[in-house]
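> Provided below are the primary sequence and the corresponding predicted coordinates.
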Amino acid sequence: MNYFSQFWDENRDDKYADWGTSTWFFETNDSDEVLKQITVYKNGKVTKYNAANLEDEFGSLCDGTLTIDECDGDLISKKEFYKIWEV
């Protein structure tokens, strides 16, 4: 498994734009498929997606593959990821 984060320095482009900027956290497998995804917004709102929760009114799990290089992200540990996931 791979774990990384990406800071997004732009607001959403929808009615939730006032949530502010966001940091995204990803768990991917060795084929670079996103298995779990967390988004933490500046206002404290958190969204989480996985196979059991593919989408909701706020967004959806990344479709396809994603690497740390593609999103210019930062490596994080499994422990860091699950600390956020389990909240």
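That came in fine, so what should we check first? What you are looking at is a predicted structure, and each value in this text was computed from that prediction instead of being measured. Numbering: from 1, shown residues only.
> which strand residues bridge Ser60?
Glu55 (DSSP bridges).
> should've said Lys48
Ile38.
> wait, doesn't it sit right on Gln37?
Yes: in this structure Lys48 lies within contact range of Gln37 using CB atoms under 8 Å: 7.2 Å. Quick note: C-beta positions are derived from backbone N, CA and C, even for glycine.
> tell me how far Lys79 lies from Trp8.
23 Å (CB to CB, to the nearest Å).
> higher neighbour count, those two?
The residue with more neighbours, out of Lys79 and Trp8, is Trp8; 13 against 8, by other CB atoms under 10 Å.
> what's the burial count for Lys42?
12.
> OK, contacts around it?
Lys42 makes contacts with Trp19, Gly20, Thr21, Ser22, as judged by CB atoms under 8 Å, 6 or more residues apart in numbering.
> how close does the third one get to Glu33?
Between Thr21 and Glu33 the computed distance is 26 Å (CB to CB).
> likewise Gly73?
Counting by CB to CB, the gap from Gly73 to Glu33 is 16 Å.
> so for the two, which sits in the more crowded spot?
Under the neighbour definition other CB under 10 Å, Gly73 and Glu33 were set side by side, and Gly73 has more, 20 against 14.
> measure the residue located most distally from the centre of the chain to Asp32 for me?
Distance from the C-alpha centroid of the chain peaks at Lys15, with 19.3 Å (CA atoms, centre = their mean). Counting by CB to CB, the gap from Lys15 to Asp32 is 32 Å.
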